[in-house]
Structures are given as structure tokens and as C-alpha cells.
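*Asks:* Starting from these lines, generate the structure:
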Amino acid sequence: MQTIENKIVSRIYGRGRGWAFGANDFSAEFGRSTIDWVFYNLVASGTIRRVYRGIYDYPKYSELLEQELSPDFDQVAQAFARKFNWRIQPSGDVALNLLGLSTQVPGRLVYLSDGPNRQYHVGDIGSFTLEFKKSALKDVGFKYRESGLIVQALKALGKERVDESVITTIRKQLDESARKRVLQDTVTATGWVYETIKRICGERG
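*Replies:* The predicted structure is shown next:
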């Protein structure tokens, strides 16, 4: 019979390297004291890494550099959101990075949130600051993650800087079903933003 530790490890491995999580991600199935004990053992063995109080990750490893890589900031942000039951949306600069429209990773990564204003300094390796800013629900209320990412990225760029290369870069990351979802989900977006999304999704205004 599989032990509780093995079950938790199996679930972590199943999510893949880079996944960030907290006790709440396992609490539906296991008791809190048991989870804490397992996490303690897994940190001690080097299987997982503590990146903030109550938040851990299954670190990615670089064979080339022969070392663990910095925590995935977006995974950590999502772990905080699940922990506190917030809805979050990457701000413009973060969205640009996640969509591959910018290679620069800001030292302070801002997410819009329907929770309170909060700030967390994460990790020792490649440390960064996550900032959650309370925002109007209309800014974080898209049903699909891709929708919010694209809207925030386009707003950050501004109408004048959105060219065919931007449209192509975003389009390549969306399959046909995702394009349909985003098109329906963003209908309330600002005029030029939605017109651009229609171009990204292969529809003309």
C-alpha cells in the first residue's frame, strides 16, 4: 500500500518541475500535520524547496549549469492565489514576459488581484518580489487565463506598438479552440484591444 509521503511525492512529480504549491493543495486528502511532516522531510532530502513561508516548489534543474534554477515566478504567484483563494491576473510587464514579447524579467512582479494589497520577497536563488495589487474585478474577471494575459500585454504595449510580429507571436501560442475561447471571453475589452484580439484570433472587424 502506497504511503502518504509516496502519494504526495507522486502528485508533485506528476505536476512536473517548476510547480509551486502549498499545504492547501493537498489538504482535501490529507491532514495538515501529516502534510507539514512530509514537506519537512522532502525539503530535508532536497526533493522540494521552500521558497517562502508555506510555499514550496519542485525545482527545475539545469544540466548545463549543474544547479537548480530560480523559482518560476508565475507558478509561485498562482500558489499564493490558491492559498488565499484570490483571483489574480499578471500586470502588463509580467504578461509581456509570459507571452514571450519581452525577455526582461522585472525585479518586482506585479499581479492584479481581487484580494488585499500584499508583497512577498521570494527565494534566495534568483530572488524576486511578488506584489499583488487590489484591482477592479473587471481587470481580473476574465474566465480564461489566456484572455487576461493578452489584454494586459496589449494595454502595456499600447496601440502604436502592436504590429504584425506581436500579433503573430501571440497567435502562435493559441490553438483553434483557445482562439475561440479568447474571442468570446474578451468581448468587453476596450475597443482597439478587442479589434486587435480579433486579428490575433483570425477574425476581422
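*Asks:* Next, the buried residues of stretch 169-181.
*Replies:* Using 16 or more other C-beta atoms under 10 Å as the test for burial, stretch 169-181 gives Ile170, Leu174, Arg179, Arg181. Glycine gets a C-beta too; all of them are placed from N, C-alpha and C.
*Asks:* So which of those residues sit within strands?
*Replies:* Judged by DSSP state E, strands contain none of the buried residues of stretch 169-181.
*Asks:* Can I get those in a markdown table including distance to Asp93?
*Replies:* What follows is the buried residues of stretch 169-181, written out as a markdown table (distance: C-beta to C-beta, whole Å):
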| residue | distance to Asp93 |
| --- | --- |
| Ile170 | 16 |
| Leu174 | 21 |
| Arg179 | 24 |
| Arg181 | 24 |
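*Asks:* Let's have those in CSV, adding distance to Ile48 and pLDDT.
*Replies:* Listed next are the buried residues of stretch 169-181 as CSV, based on distance: C-beta to C-beta, whole Å; pLDDT from 0 to 100:
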residue, distance to Ile48, pLDDT
Ile170, 33, 95
Leu174, 32, 93
Arg179, 36, 93
Arg181, 33, 93
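*Asks:* which SSE is the closest residue to Phe39 other than its chain neighbours in?
*Replies:* Excluding its sequence neighbours, the residue lying closest to Phe39 (C-beta to C-beta, 6 or more residues apart in numbering) is Tyr56, at 6.2 Å. Assigned by DSSP states H and E, Tyr56 belongs to strand 55-57.
*Asks:* need the strands for this protein, in chain order.
*Replies:* Counting by DSSP E, the strands of the chain are 20-21, 49-52, 55-57, 61-62, 67-68, 88-90, 108-113, 118-122, 128-134.
*Asks:* List the contacts of the second one.
*Replies:* Spelled out, that is strand 49-52. 20, 39, 43, 56-59, 68, 71, 76, 120-123 (C-beta atoms under 8 Å, 6 or more residues apart in numbering).
*Asks:* got CSV for the strands of the chain, with distance to Thr186, mean neighbour count and mean pLDDT too?
*Replies:* Formatted as CSV, these follow (distance: least, C-beta to C-beta, whole Å; neighbours: other C-beta atoms under 10 Å; pLDDT from 0 to 100):
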stretch, distance to Thr186, mean neighbour count, mean pLDDT
strand 20-21, 27, 26, 98
strand 49-52, 32, 19, 94
strand 55-57, 31, 24, 97
strand 61-62, 36, 10, 88
strand 67-68, 37, 13, 87
strand 88-90, 12, 24, 90
strand 108-113, 15, 21, 92
strand 118-122, 27, 15, 94
strand 128-134, 21, 17, 94
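*Asks:* domain assignment for this structure?
*Replies:* 4-68, 86-200 (automatic domain parsing).
*Asks:* And the residue nearest to Phe26 when sequence neighbours are not counted, how far from Arg108?
*Replies:* Of all residues not flanking Phe26 in the chain, Ile35 sits nearest, at 5.2 Å (C-beta to C-beta, 6+ apart). Remark: distance between Ile35 and Arg108 (C-beta to C-beta, to the nearest Å) = 31 Å.
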